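**Student:** Make a model of this:
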Amino acid sequence: MTGIPKGRRVGRAAVNAFRDLLEQHDHIVQEIDGQNDFGEDLYVTFSEDNMVTGDVVKIQVKGGISWRRANGYAVPVGRHEATWSNGNVPVLCVVYDPGTRGLYWANATDQLRRARLSGKPLSRIGISPNAKLDDQSLDGFVAAARLFVARYRGMEAVRTHLGEMSGIEFDPSDDVQHFINEYGETLIFWQRWGESEATLLHSDLDWDPHPIAPDSLRFSGGPTESFANVPTVGDVVLNMPEAMWLAACFAATHWAREAEYGPENEGDQATHAADEHAYIEADLLEGYVMEQIVDRLEVEPDLMAHSVEALRTTPHLDARLLDELGVLESDLDVVNEAKSLSRTNVDRASPESLRLTVLYLIDRIVVGAPALPVEEQVGIRWRVPEADTPPSDRAPDT
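**Tutor:** Numbering: from 1, shown residues only. Okay, the predicted model is just below:
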């Protein structure tokens, strides 16, 4: 008699749970024949207002407790790295936990592409326990998946490619232009709504952001006598075609610099008065934020536990944040290091554990006017506001 694999039942339960959820909301799920399974189990075509869209993703479904990790779940990449990261159709990983009967998901294509750009290839796709897939979160899942598909369609694919090259997540309202010089180097002009300066990103300058403004573009009178007749923008030396291109970019985006706020926040000028794009040295910002973190951890021993609890109950987290949490939380060493961070070991902590610490403790960092002192320029929005910390967790007054 032919034996039935032990994992078949939970595997079918995983596929059925995901299929039932999607089909209850009128999305189309097509199962891939087992003999043709090369790392994907399902095709999903999304619908909108009872109409089929052109947005399609592939799904790798896993079921069972063996996929659990330190804080979440993980799916091994194995031999699928190339097809999951380079294919024309994005691949999402979904895990079904029979213990909770819950579905959890991550964007495998996005995680692999970002890891490749960082020079740290992934061996597994991490899935955060916050990335739960159910009736309440399904709309957010569908929106995130469709938005990711759209990033690689038509002209938007160019913007996405530029963002992947430079390591920048451009907002849909940003004006982004690019130029390739005679040496094959790529220059990116990045203008955000309501900001008096744009940003120049240059492949030959390691993509370091350089704030530029129309009055900083000069066609002569360079920084030194030897560069007197060479075009410059700020402290960046240009050639004539690059300078002409930048002049055209400034001319085409003058309206964006004169706008008081972006179209996505009409009527909300405060949002654009202080945001993460203000120019502050990265190491200064990181040092200040970590100092605030260790200060709070020192006087509030249970802050980390309360913050993780607050994170777990936060609905509708951004899909890219969920992916980053998934990658970090799938590594037990990173989780343990983050949860034991203190003033005595912060200098020895890995970059991954420091990043996870920030994600656990901080909801958002708001950067204000560059002219202000750092303590006034940087605003930290904690997951557990200082006033909300339970009295028993606070250090006694001295």
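
**Student:** The chain - how does it break down into domains?
**Tutor:** What automatic domain parsing lists as the domains of the chain is 8-150, 174-261, 282-393.

**Student:** Present those as JSON lines; the columns should include distance to residue 164 and mean neighbour count.
**Tutor:** Bear in mind the C-beta positions are built from the backbone N, C-alpha and C, glycine included. JSON lines is the format used below for those (distance: least, Cβ to Cβ, whole Å; neighbours: other Cβ atoms under 10 Å):
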{"stretch": "domain 8-150", "distance to residue 164": "6", "mean neighbour count": "17"}
{"stretch": "domain 174-261", "distance to residue 164": "11", "mean neighbour count": "16"}
{"stretch": "domain 282-393", "distance to residue 164": "13", "mean neighbour count": "16"}
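
**Student:** got CSV for the ones you listed, with mean pLDDT too?
**Tutor:** Shown next, in CSV, are these (pLDDT from 0 to 100):
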stretch, mean pLDDT
domain 8-150, 90
domain 174-261, 87
domain 282-393, 86
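
**Student:** For residue 162, which of those domains is the nearest?
**Tutor:** Among the domains of the chain, domain 174-261 comes nearest to residue 162, with 5.5 Å by Cβ to Cβ.

**Student:** And the strands in the stretch 1-150 of the chain, which stretches?
**Tutor:** 28-31, 42-48, 51-63, 68-69, 72-76, 91-97, 102-107, 124-127, 132-133 (DSSP state E, counting those that start in this stretch).

**Student:** which strands and helices sit next to the second one?
**Tutor:** Looking back up the chat, that one is strand 42-48. Secondary-structure packing of strand 42-48 (3 or more Cβ pairs under 8 Å, 6 or more residues apart in numbering; DSSP states H and E): helix 8-24, strand 28-31, strand 51-63, helix 138-150.

**Student:** Return the list of helices and strands in contact with the shortest one.
**Tutor:** Right, the one you point to is strand 28-31. Using 3+ Cβ pairs under 8 Å, 6+ apart, the elements in contact with strand 28-31 are helix 8-24, strand 42-48.

**Student:** export the strands of the stretch 1-150 of the chain to TSV and tack on distance to residue 141?
**Tutor:** TSV is the format used below for the strands of the stretch 1-150 of the chain (distance: least, Cβ to Cβ, whole Å):
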stretch	distance to residue 141
strand 28-31	13
strand 42-48	10
strand 51-63	10
strand 68-69	21
strand 72-76	15
strand 91-97	9
strand 102-107	6
strand 124-127	12
strand 132-133	6
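
**Student:** residue boundaries of the helices in the protein?
**Tutor:** Under the criterion DSSP state H, the chain contains helices at 8-24, 81-86, 108-118, 138-150, 156-166, 240-252, 254-258, 269-273, 282-299, 303-312, 319-329, 332-339, 351-361, 374-377.

**Student:** got JSON lines for the ones you listed, with distance to residue 210 too?
**Tutor:** Output for these, formatted as JSON lines (distance: least, Cβ to Cβ, whole Å):
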{"stretch": "helix 8-24", "distance to residue 210": "46"}
{"stretch": "helix 81-86", "distance to residue 210": "30"}
{"stretch": "helix 108-118", "distance to residue 210": "20"}
{"stretch": "helix 138-150", "distance to residue 210": "29"}
{"stretch": "helix 156-166", "distance to residue 210": "12"}
{"stretch": "helix 240-252", "distance to residue 210": "11"}
{"stretch": "helix 254-258", "distance to residue 210": "16"}
{"stretch": "helix 269-273", "distance to residue 210": "21"}
{"stretch": "helix 282-299", "distance to residue 210": "14"}
{"stretch": "helix 303-312", "distance to residue 210": "35"}
{"stretch": "helix 319-329", "distance to residue 210": "25"}
{"stretch": "helix 332-339", "distance to residue 210": "33"}
{"stretch": "helix 351-361", "distance to residue 210": "24"}
{"stretch": "helix 374-377", "distance to residue 210": "20"}
